[in-house]
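>>> Need coordinates for the below:
(one chain, ligands or ions: 1)
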Amino acid sequence: MSTTPERNANAFDAQARDALGDATLKSALRNATDLFAERRTAAIDAVPDWEALREHARQVKDATVARLDHYIGQFADKAEQAGATVHWARDANEACAIVAKIAEDHGAERLVKSKSMATEEIHLNKALAAHDREPVETDLGEWIIQLAGETPSHIIVPAIHMTRDAIGELFVDKLGIPPSNDPKTLCAHARERLRNHFAKADLGISGVNFGVAETGSILILENEGNVRMTTTMPKVHVAVMGIERVIPRFADLEVFLRLLPRSGTGQHLTTYQSILTGTDSPKQRRCGQGPEELHIVLLDNGRSKIAVDEKMRETLACIRCGACLNACPVYQTIGGHAYGSVYPGPIGAILTPQLAGMHEAKPLPFASTLCGACKDVCPVKIDIPSLLLELRQRAVEGTATESPAKRGFFESLTWRMWSWFMRGPKRFRFASAMARFGQRLPLLHRLLPPMAAWHSTRELPKLAKKSFRDSYRPSQGSKQ
Ligand code: SF4
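Here you go, the predicted structure:
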């Protein structure tokens with residue numbers, strides 16, 4: 001996996017600083033993430049066995065990842081028996097080459113694509129553009145991002161960082177429509193353009209939410225109807241599926257269907273659920289509908305390496321609901337682009353260094369306050385804070401000698417002072433007294449670096465007037 005060309009995960013600090021200065025971005029993110037969090041709370045309140053569901057889902061995922069080779073093999077066999085063609089891709093280059101070859105073999109010039117994080121991960125659009133076959137994105141958010149020449153900033157809401165005014169201006173510029181910021185008007189223009197693309201498409205590309213091993217079926221969730229058009233109107237459908245998306249039984253879908261939409265968008269169920277089983281189903285034969293060919297590209301790209309890493313393998317339980325992004329105070333403040341990876345937020349901070357390699361994304365495990373909000377909302381109970389700590393340790397161990405040099409002067413000085421003051425009670429008491437005194441001089445820490453930069457976006461918590469020790473001692477004395 002490579003990171004986006006414009007930004008990269010190793011430049012996280014600078015990118016985050018840029019994002020912090022963007023007031024419009026902050027307000028767009030805050031409005032959207034607060035709304036999703038409210039909807040999620042309301043949706044899960046209506047499910048009495050929510051915790052049991054989470055536990056069940058996690059058990060299914062753990063059991064699947066423990067025998068991933070077995071289940072993915074079973075899925076591939078069953079999918080082929082049902083009429084699909086299965087392709088295996090070890091990495092991004094192989095996956096892109098497979099899709100490009102399918103398009104070439106079928107003389108497909110006009111391609112449409114529905115939202116898929118796996119295809120974002122492998123930068124499929126760019127690879128196909130090199131063959132003059134760039135697909136048209138058909139999810140509204142992805143289409144807006146494509147028109148703007150940007151990359152998604154959220155795994156389920158790609159244009160979360162854009163206001164409707166910005167989208168209105170983009171449409172005026174790119175589509176030549178009269179100015180408007182009315183969502184209904186903008187959607188109507190998008191629908192008209194996209195229908196035209198669907199009608200002419202030779203090949204449709206989608207992702208996969210779940211692949212069922214016992215039947216070889218794939219399930220794709222969506223709200224706009226574009227997935228259904230992408231997967232049924234063109235004669236050829238190519239589905240790109242990360243190998244961790246497999247689940248053993250059809251009955252398991254019931255659990256994940258209750259968890260995923262509620263966690264992601266606060267919906268009880270997405271508007272559409274497309275379950276596709278090869279091309280030879282009785283219904284397809286009877287109606288003569290659907291694509292003539294279904295190709296499923298099974299993407300590894302680092303996943304099998306994670307599956308054998310005992311400490312990190314729970315990363316593969318992720319169902320890409322996006323709830324951890326919406327709950328994360330870091331994501332809520334800086335948005336997705338600052339992470340410099342197609343996977344932003346808490347899940348991106350653990351997934352990107354594992355897929356791309358730590359050398360490609362060393363700052364990301366540190367891009368967290370470790371508050372635990374991500375763990376609380378995760379429908380499959382991934383302990384993201386513990387995984388972040390493990391990755392932090394690996395990041396430092398891997399480059400123990402270069403780590404201090406990469407820190408800024410003030411950061412190094414701060415940590416050295418902190419370490420010195422923590423080495424004895426007298427030093428600690430002295431540091432606490434100094435900090436209390438310093439708080440009486442607000443201008444001092446508002447103007448002097450590095451506190452001035454820190455203060456530009458936050459308030460320093462107030463220290464108590466007395467330390468716990470000072471308060472505790474007299475009360476003990478009076479009891480004796
Ligand atoms: S880590 Fe959990 S909360 Fe985050 S996207 Fe994955 S499943 Fe959702």
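>>> only C-alpha atoms for contact and neighbour calcs from this point on.
Fine.
>>> Would you mind listing the outside residues contacting stretch 35-55?
Residues outside stretch 35-55 that contact it (CA atoms under 8 Å, 6 or more residues apart in numbering) are 255, 259, 262-268, 323, 326-327, 379-381.
>>> which ones are touching Thr85?
Neighbour list for Thr85: Ala79, Glu293, Leu294, His295, Ile296 [criterion: CA under 8 Å, 6+ apart].
>>> Quick check: of those residues, which lies closest to the ligand?
Taking CA to the nearest ligand atom as the measure, the ligand sits nearest to Ile296 out of the contacts of Thr85, at 22.6 Å.
>>> same for the host helix or strand of the closest one, what does it pack against?
Assessed by DSSP states H and E, Ile296 sits inside strand 293-299. Other helices and strands packing on strand 293-299, by 3 or more CA pairs under 8 Å, 6 or more residues apart in numbering; DSSP states H and E, are strand 85-89, helix 92-105, strand 236-242.
>>> Buried subset of the contacts of stretch 35-55, written for PyMOL?
Paste this into PyMOL to select the buried members of the contacts of stretch 35-55, with burial taken from 16 or more other CA atoms under 10 Å:
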select buried, resi 259+262+263+264+265+266+267+268+323+326+327+379+380+381
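>>> Within reach of the ligand, which of the contacts of stretch 35-55 are there?
Ala323, Pro379, Val380 (CA under 6 Å from any ligand atom).
>>> Could you tell me which of the residues you listed belong to helices?
The helices in this structure, assigned by DSSP state H, contain Ala323 from those.
>>> Could you look up the SS state of Pro48?
coil (DSSP: H, G, I helix; E, B strand; the rest coil).
>>> wait, Val227
Reduced to three states by three-state DSSP, Val227 is helix.
>>> I'd assumed Gly207 was in contact with it.
No: if you go by CA atoms under 8 Å, Val227 and Gly207 don't touch, sitting 9.2 Å apart.
>>> Quickly list what's touching both of these two.
Here Val227 and Gly207 have Ser114, Ile220 as joint contacts, going by CA under 8 Å, 6+ apart.
>>> For the stretch 301-450 of the chain, what lies in contact range of the ligand?
Checking the stretch 301-450 of the chain against the ligand by CA under 6 Å from any ligand atom, the hits are 318-324, 347, 377-380, 382.
>>> List the contacts of the residue in the stretch 51-200 of the chain positioned nearest to the ligand.
Per CA to the nearest ligand atom, Ile155 is where the stretch 51-200 of the chain lies closest to the ligand, at 7.8 Å. Contacts for Ile155 (CA under 8 Å, 6+ apart) come out as Met117, Arg320, Cys321, Gly322, Val342, Tyr343, Pro344.
>>> so how far is Cys321 from it?
8 Å (CA to CA, to the nearest Å).
>>> what's the answer for Pro425, then?
Distance, Pro425 to Cys321, using CA to CA: 46 Å.
>>> More neighbours: the two, which one.
Shown here are Pro425 and Cys321; by other CA atoms under 10 Å, Cys321 has more neighbours (21 against 10).
>>> Give the full set of residues in contact with the residue lying closest to the more buried one once chain neighbours are set aside.
Using CA to CA, 6 or more residues apart in numbering and skipping the chain neighbours, the partner closest in space to Cys321 is Gly264 (4.6 Å). Counting by CA under 8 Å, 6+ apart, Gly264 touches Phe36, Arg40, Ile156, Cys321, Gly322, Ala323.
>>> how about 7 Å then?
For Gly264, the contact set (CA atoms under 7 Å, 6 or more residues apart in numbering) comprises Cys321, Gly322, Ala323.
>>> Leu20 too?
Thr333, Ile334.
>>> where's it relative to the ligand, distance?
Noted for Leu20: a distance of 23 Å to the ligand, by CA to the nearest ligand atom, to the nearest Å.
>>> what do you get for Met358?
Met358 sits 19 Å away from the ligand, going by CA to the nearest ligand atom.
>>> Now for that residue, how many residues are close by?
Neighbour number of Met358 under other CA under 10 Å is 20.
>>> Identify the spatial nearest neighbour of it, chain neighbours not counted.
The nearest residue in space to Met358 (CA to CA, 6+ apart) is Ala395, at 6.7 Å.
>>> so how far is the helix or strand where that neighbour lies off the chain centroid?
Using DSSP H and E, Ala395 sits in helix 384-398. Distance of helix 384-398 from the chain centroid (CA atoms, centre = their mean, to the nearest Å) equals 19 Å.
>>> May I have it exported as CSV, CA atoms only?
Output in CSV follows, covering the C-alpha atoms of helix 384-398 (Å, rounded to 0.1, in the frame of the first residue of the first chain):
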residue,chain,number,x,y,z
ILE,A,384,-7.2,0.2,19.7
PRO,A,385,-5.4,2.0,22.6
SER,A,386,-3.5,-1.2,23.4
LEU,A,387,-2.6,-1.8,19.8
LEU,A,388,-1.4,1.8,19.5
LEU,A,389,0.9,1.3,22.5
GLU,A,390,2.3,-1.8,21.0
LEU,A,391,3.0,0.0,17.7
ARG,A,392,4.5,2.9,19.6
GLN,A,393,6.9,0.5,21.3
ARG,A,394,7.8,-1.1,17.9
ALA,A,395,8.3,2.3,16.4
VAL,A,396,10.7,3.4,19.1
GLU,A,397,12.5,0.0,19.3
GLY,A,398,13.0,-0.1,15.6
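>>> mean confidence for that helix?
Here helix 384-398 scores 93 as its mean pLDDT.
>>> Please apply the same query to stretch 9-27.
In this model, stretch 9-27 has an average pLDDT of 93.
>>> what's the span of it, first residue to last?
The first and last residues of stretch 9-27 sit 23 Å apart, counting by CA to CA.
>>> what's the spacing between that stretch and its chain's center?
Chain-centre distance of stretch 9-27: 17 Å, with CA atoms, centre = their mean.
>>> Thank you kindly, that will do.
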